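Participant: missing the sequence, but the structure's below:
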């Protein structure tokens, strides 16, 4: 088997695994459970509010960065095949 074919196979596995992980995250089950919990009496103190808010802000920043990385990766891939003369 040539190296190019093996590289494509490895990339396919990584892309499939990442796609599956993102799909699971997309269900939002963890955050839906968090929405249920924060409605209980006593949740949350001012300190916990700040802490939780900071974590949620950081999580949103990571999602935004991941989305941008995915878009940039796709744009770069399209340029590679365009430069090789492939019409998408």
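Facilitator: Looks like it came in fine. Given the structure is predicted, the values throughout are model-derived calculations rather than measurements.

Participant: from now on I want contacts and neighbour counts done on CA atoms only, so please keep to that.
Facilitator: Noted.

Participant: count of neighbours near residue 56?
Facilitator: For residue 56, the count of nearby residues is 13 (other CA atoms under 10 Å).

Participant: okay, it and residue 8: tell me how far apart.
Facilitator: In this view, residue 56 and residue 8 are 36 Å apart by CA to CA, to the nearest Å.

Participant: now residue 38: phi and psi?
Facilitator: Per-residue torsions, residue 38: phi -70, psi -10 (degrees, to the nearest 10).

Participant: distance from stretch 12-28 to the middle of the chain?
Facilitator: For stretch 12-28, the distance from its own C-alpha centre to the chain's C-alpha centre is 8 Å (CA atoms, centre = their mean, to the nearest Å).

Participant: ok, stretch 5-18 next?
Facilitator: Its chain's C-alpha centre and that of stretch 5-18 lie 17 Å apart, by CA atoms, centre = their mean.

Participant: do the same with stretch 42-49
Facilitator: For stretch 42-49 - counting by CA atoms, centre = their mean - the centre lies 28 Å from the chain centre.

Participant: and the average pLDDT for the longest helix along the chain is what?
Facilitator: Scanning the chain for the longest helix, with DSSP state H as the assignment, gives helix 46-83. Along helix 46-83, the predicted confidence averages to a pLDDT of 95.

Participant: for stretch 21-41, same thing?
Facilitator: 91.

Participant: can you tell me how far residue 15 is from residue 85?
Facilitator: Here the criterion is CA to CA. By it, residue 15 lies 24 Å from residue 85.

Participant: more neighbours: those two, which one.
Facilitator: For residue 15 and residue 85, the more surrounded residue by other CA under 10 Å is residue 15, and the numbers stand at 12 against 9.

Participant: confidence score at that one?
Facilitator: Per-residue confidence (pLDDT) for residue 15: 96.

Participant: secondary structure element for it?
Facilitator: Secondary structure here is read from DSSP states H and E; on that basis residue 15 sits in helix 3-26.

Participant: chain center to that helix, what's the gap?
Facilitator: Going by CA atoms, centre = their mean, the spacing between the C-alpha centre of helix 3-26 and its chain's C-alpha centre is 13 Å.
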